[in-house]
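Participant: Need coordinates for the below:
(2 chains)
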Amino acid sequence: MKLSIDVFPLRGMLVGSLVGALLCGNLSPLHAQEYPIDSLKLINLSEVVIISAGKQLDHQKQHKPLSTLDEFLETARSIKMVKRGAYAWEPTMNDMASERLAITIDGMQIFGACTDKMDPITSYVDVSNLSEAQIGSGQQGSAFGNTIGGGINLKLDKSNFKPTGWTGSLETGYETNNKMRVFGGELNYSDEKFYFNTDVIYRKADNYKAGRRQEVKYSQFEKYNFSVNSGYKLADDKSITASLIYDEARDVGYPALTMDVSLARAVIGSIGYNQDTLLGEFNNWESKVYYNTIKHVMDDTTRPDVVIHMDMPGWSETAGFYTQANLNKGKNHFMFKLDGYYNKSYAEMTMYPVNPNEQPMFMLTWPDVRTKNVGFYAEDHIDFHESSLKLSTRLSYHSNTVEDDFGLNSLKIFYPDMDRTNSRFLKSFSSQYHKALGDFHLNGGISYGERAPSVSEGYGFYLFNSFDNHDYIGDPNLKTERSTDVNLSLTFKKPIFEITATTNYFHVFDYIIGQLDNSLSTMTIGASGVKIYSNLDFAQLFNASLSGRYSISNAFKLSGSISYHRGVDDDGANLPLISPLSYGGALDFYKNQYSASLSMEGAGEQSNYNPAYGETKTAAYATLSASFGKRFFINDNDLFVKAGIQNILDTNYSSYTDWNNIPRMGRNVYATISYAIN
Amino acid sequence: MKTLKYIFAFLLISISVVSCSDDDDNTVIEDNPVEGLNKIYEISGANHVVEIYSEKQNLEIGYNEISIRIKDLSTNKYLNDAELNWMPMMNMTDRAHSAPHSMLSNAEESTVYKGHIVFQMASNETEYWELKLNYDINGESIEGVTRVSVLQPNDGMVKTQVFMGVDGVKYVLAYVGPQNPEVALNDMQAVLYKMEDMMNFPVVENYKVAIDPRMPGMGNHSSPNNIDLTYNSVNNRYDGKLSLTMTGYWKINLKLLNQADEILKGEDVTEDNPESSLYFELEF
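Facilitator: Residues are numbered from 1 along each chain as shown, chains lettered A, B, ... in the order given. As a prediction, the model looks like this:
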């Protein structure tokens, strides 16, 4: 029995490629050619969520400054979070989850180590590390990787050679509902030549209480996160950067699941090289090599009445690189990016029989799958008079290899003729057009994208899904999932008023989802059946939303949105985890360093649900929240106090995203204090 | 300059090491035909020695693969023309009986006589197994009898079944392999004999042994893509495929079917009937 993971083979290569990158950089011509165009604007993101907790200016805009990253992401119009407890929510976009999204941290590919999706990579960073979340819907997210539903890049907070000198801040927060204590701090130094950012945050929460004081057992968690990032200017137009994030969560409860997590740990590191120009023609040349390792240990020793005790540790290691540069030629603004990663995913399960004389039962749930992906991304943003067109493409080579013989032989029980290695080419094309017609802005696009099956979908071995109570088996012979999507949005924009209607439609061919196989016997005691990941002929997903903003006065602002979602398979049956009609609205006040808000959020009844995927009808709900903040100046320093109350009416509810319909948090009063030393 | 010298010296050494190892390859390694087997008995006769080998440390209840060599002490060579045959005998307090066994054959390796015996019971103080051996040495026919001890398997797993079918015939069904089961689709073998009388156990041909592996500790979890054991006339065994989805304790529920597909022994595993009366056990 293999109980440890091999030493990662690519550590040496990383150093080698870094040296190579540096050498190349030094050899390139030194022409200084300034293009002030931000490469991010070229990506034409559909949404950006500002996070950076440390930036005092942003505090006013945020209803809850020290909330978890998950809560921040949930404020994005296009993101919904699937919840298995109070911690490690899974982002979904356009009603598609992790395997259909490209989620990166500062451009780095990271893959969770849990076979049951208990550690989306967003759980390995915290708001203290980040400045913003860049969100691209559909193929607009393909700059970050192969995707169907979209891409999210969590951008690290960096001083970027701003001449601010020493700055620091201390933050603390408390929430009454689950007694969450948050302590955070950061210390930064930055000048034109060098910057250095450090931050640390610690959170500890007890079980939360749903509406009407109903305690949700096993919803506690404890986590701390530490990060450093630094940059040094080698010359006026050249700099090197380095970053390191250490994140560790312990004793994390998952009330919706049968197991908790005793340890989830990530070490995420990168070294980058930036140069203003490249070969005379290109600018904003940015390169990075990175490595991250994740260990995730599922554990059920704290649960009573466990039918059979089991250990389920998982490991995921990824090494990768990217290098990108912009090129401006007249109306054309090009961006080119070459990226690649190598991931190994290994997970095992040991079950301890009730009869102590029997041997433990062991299986590999992820058979040490090695994924190689090398991709080339290019986009051209063409400016016309009052209109623009963005064309982009991503071409990738993707391969999976089952490294472990034990795991390969296990899968061969189901697929006797399977190959150890499976390779495919993935293609993506997209065109997005924007036209301004007076106060109207028209955006429309058509795209095609492909993705490879995830490790679980291709190689999972008896993965228990508590949502539909089935064991899942991967299929290494799955076809590439392909999607065509169209999107259209119309905005009417006046200085005090803005309203946007957006709609998109995805027609996904060979949609991958688990299909029941009645001939198979369950492994998990009490499971209802076994599903095999299979390709449906197609699935259709439709999303539409209407959102608006109105400035009543300088101090008062009103915003609101409503969205409709629908997802069906090739038989017209409902797909799981599709949002019902949902809506939200807020009234914000800001004047003389005082801020206040009153917001509501709700959803209609989930009438389009599917019991075959373990769904039950979720009732309509609405919640009301309020916050109040004040900024004080103390000797040039900032003291910011914010307090609020969520779910004021203590409604007991759950939404379609709540795994097994565990109720959401009831009334919660929170307070945060930030002190920033400038 | 100094570095270069070292590199040169290193290269020289490497070459000489490579050359040396080339020479070593010329030595002939003698094949040992009983490599990996345990010598469990050595019986000295007049001017010869009989060596009995098994893969196991002891003879055990169930299927035992046995290899026998006879060494002529006058020539120090192993015989390849001994015309060796055998007969296992159980001497109980009230009666004697034999055990199902194959013929011995030296077709694979001329000096090693191989065969198997399925012992139905263990020996004890008063009831003991004997192995009768008949062979020729230098033109002289010799009959030897040696007492052997047969033990209960160490792991306590049931791998042999002696039972009466609904046809009134007494059968002996014994597990042969996989000897080292893996989490995989394993090749599975078993042997099936019927008891004609106390001395004769002919091989039963062209029946079928249906298998249904289960894990009683995991809610009777079963594995997919098993293939029932069918008769293989080449080696007189029953061959099939056994899939095991994880390590641990497995109960392989069995049904014996005759040529007319009538069940002679064993039952289907259902919700109400968690196990068959005919089964093997294994744990790994």
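Participant: can you pull the contacts of the residue nearest to the spatial centre of chain B?
Facilitator: Note on chain B: the residue nearest the mean C-alpha position is residue B:65, at 3.5 Å, using CA atoms, centre = their mean. By CB atoms under 8 Å, 6 or more residues apart in numbering or on different chains, the contact set of residue B:65 is B:54-55, B:114-116. Every residue, glycine included, has its C-beta placed from N, CA and C.
Participant: which two in the residues you listed are spaced the farthest apart?
Facilitator: B:55 and B:115 (13.1 Å; CB to CB).
Participant: List, one by one, the residues from the stretch 51-200 of chain B near chain A.
Facilitator: For the stretch 51-200 of chain B, the residues in contact with chain A (CB under 8 Å from any CB of the partner chain) are B:182-185.
Participant: picking that back up, of residue B:55 and residue B:115, who's got more company?
Facilitator: Neighbour tally, residue B:55 and residue B:115, criterion other CB atoms under 10 Å in any protein chain shown: the higher count belongs to residue B:115, 18 against 12.
Participant: pretty sure that one is touching residue B:86, no?
Facilitator: Yes: at 7.0 Å, residue B:115 counts as touching residue B:86 under the criterion of CB atoms under 8 Å.
Participant: after the least confident helix or strand in chain A by mean pLDDT comes which helix or strand?
Facilitator: Every helix and strand of chain A was ranked by mean pLDDT, DSSP states H and E. The lowest is helix A:39-43, at a mean of 34. Counting by DSSP states H and E, the next helix or strand C-terminal to helix A:39-43 is strand A:47-50.
Participant: What residues sit buried inside that following strand?
Facilitator: Judged by neighbour count (16 or more other CB atoms under 10 Å in any protein chain shown), strand A:47-50 contains these buried residues: A:47-49.
Participant: what's it packed up against?
Facilitator: strand A:130-137 (3 or more CB pairs under 8 Å, 6 or more residues apart in numbering or on different chains; DSSP states H and E).
Participant: what's the distance between the most far-flung residue of chain A relative to its centre and residue B:249?
Facilitator: Residue farthest from the centre of chain A, counting by CA atoms, centre = their mean, is residue A:357 at 44.5 Å. Per CB to CB, to the nearest Å, residue A:357 is found 9 Å from residue B:249.
Participant: still on that earlier bit, ok now do the residue farthest from the centre of chain A, which residues does it touch?
Facilitator: Contact analysis of residue A:357 by CB under 8 Å, 6+ apart lists nothing.
Participant: Let me know the pLDDT of it.
Facilitator: Residue A:357 carries a pLDDT value of 88.
Participant: same check, this time on residue A:298
Facilitator: Model confidence at residue A:298 (pLDDT) stands at 94.
Participant: same question, the one 4 residues further on
Facilitator: Here the pLDDT value assigned to residue A:302 is 89.
Participant: in a strand, that's where it is, yeah?
Facilitator: No: Residue A:302 is assigned coil when assessed by DSSP: H, G, I helix; E, B strand; the rest coil, not a strand.
Participant: Contacts only, for it.
Facilitator: Residues near residue A:302 by CB under 8 Å, 6+ apart: A:218, A:260.
Participant: picking up where we left off before, rebuild the residues of the stretch 51-200 of chain B next to chain A as a markdown table, extending it with neighbour count, secondary structure and distance to residue A:324.
Facilitator: Formatted as a markdown table, those follow (neighbours: other CB atoms under 10 Å in any protein chain shown; DSSP: H, G, I helix; E, B strand; the rest coil; distance: CB to CB, whole Å):
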| residue | neighbour count | secondary structure | distance to residue A:324 |
| --- | --- | --- | --- |
| B:182 | 14 | coil | 47 |
| B:183 | 25 | coil | 44 |
| B:184 | 20 | coil | 45 |
| B:185 | 21 | strand | 47 |
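Participant: low-confidence ranges in the stretch 251-400 of chain A?
Facilitator: Applying pLDDT under 70 to the stretch 251-400 of chain A flags no residue at all.
Participant: residue ranges of the strands in the stretch 151-284 of chain B, please?
Facilitator: B:160-164, B:170-177, B:185-194, B:208-215, B:221-222, B:227-232, B:237-243, B:249-257, B:263-265, B:279-283 (DSSP state E, counting those that start in this stretch).
Participant: er, the stretch 551-678 of chain A actually
Facilitator: For the stretch 551-678 of chain A, the strands defined by DSSP E, counting those that start in this stretch occupy A:556-569, A:582-591, A:594-603, A:621-634, A:637-646, A:668-677.
Participant: Ok, which of those comes nearest residue A:265?
Facilitator: Closest among the strands of the stretch 551-678 of chain A, using CB to CB: strand A:668-677, at 26.4 Å.
Participant: List the pairing partners of the closest one within its sheet, with orientation.
Facilitator: When pairing is defined by DSSP bridges, strand A:668-677 lines up against strand A:165-175 (antiparallel), strand A:637-646 (antiparallel).
Participant: quick one: average confidence on it?
Facilitator: 92.
Participant: what's it in contact with?
Facilitator: A:53-54, A:56, A:59, A:64-67, A:166-178, A:180, A:182, A:208, A:637-647.
Participant: Helices along chain A, start to end?
Facilitator: A:11-27, A:39-43, A:56-59, A:69-74, A:405-412, A:455-459 (DSSP state H).
Participant: picking up where we left off before, I'd like the buried residues of strand A:47-50 as a markdown table, with distance to residue A:148 appended.
Facilitator: Putting those into a markdown table (distance: CB to CB, whole Å) gives the following:
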| residue | distance to residue A:148 |
| --- | --- |
| A:47 | 18 |
| A:48 | 21 |
| A:49 | 21 |
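Participant: Please tabulate the residues you listed in TSV and include pLDDT as additional columns.
Facilitator: Below are the buried residues of strand A:47-50 laid out as TSV (pLDDT from 0 to 100):
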residue	pLDDT
A:47	71
A:48	73
A:49	71
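Participant: How about the contacts made by residue 193?
Facilitator: No chain specified, so I'll use chain A. A:161, A:232-233.
Participant: wrong one, I was asking about chain B
Facilitator: Residue B:193 sits next to B:100, B:118, B:171-172, B:201-204 when contact means CB under 8 Å, 6+ apart.
Participant: I'd like these as a markdown table, with neighbour count and pLDDT appended.
Facilitator: Output for the contacts of residue B:193, formatted as a markdown table (neighbours: other CB atoms under 10 Å in any protein chain shown; pLDDT from 0 to 100):
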| residue | neighbour count | pLDDT |
| --- | --- | --- |
| B:100 | 27 | 96 |
| B:118 | 25 | 96 |
| B:171 | 22 | 96 |
| B:172 | 22 | 96 |
| B:201 | 22 | 95 |
| B:202 | 10 | 96 |
| B:203 | 15 | 96 |
| B:204 | 23 | 96 |
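Participant: out of the residues you listed, which one sits closest to chain A?
Facilitator: residue B:118 (26.0 Å; CB to the nearest CB).
Participant: Verify the stated contact: that closest one with residue B:64.
Facilitator: Yes: the pair residue B:118 / residue B:64 is scored as a contact, 7.4 Å apart, by CB under 8 Å.
Participant: Point out where the chain drops to low pLDDT.
Facilitator: Picked chain A for this. For chain A, the stretches flagged by pLDDT under 70 are A:1-46, A:50-62.
Participant: hm, I was asking about chain B
Facilitator: If you take pLDDT under 70 as the line, chain B has these spans: B:1-30.
Participant: let's see 80
Facilitator: Applying pLDDT under 80 to chain B flags the ranges B:1-31.
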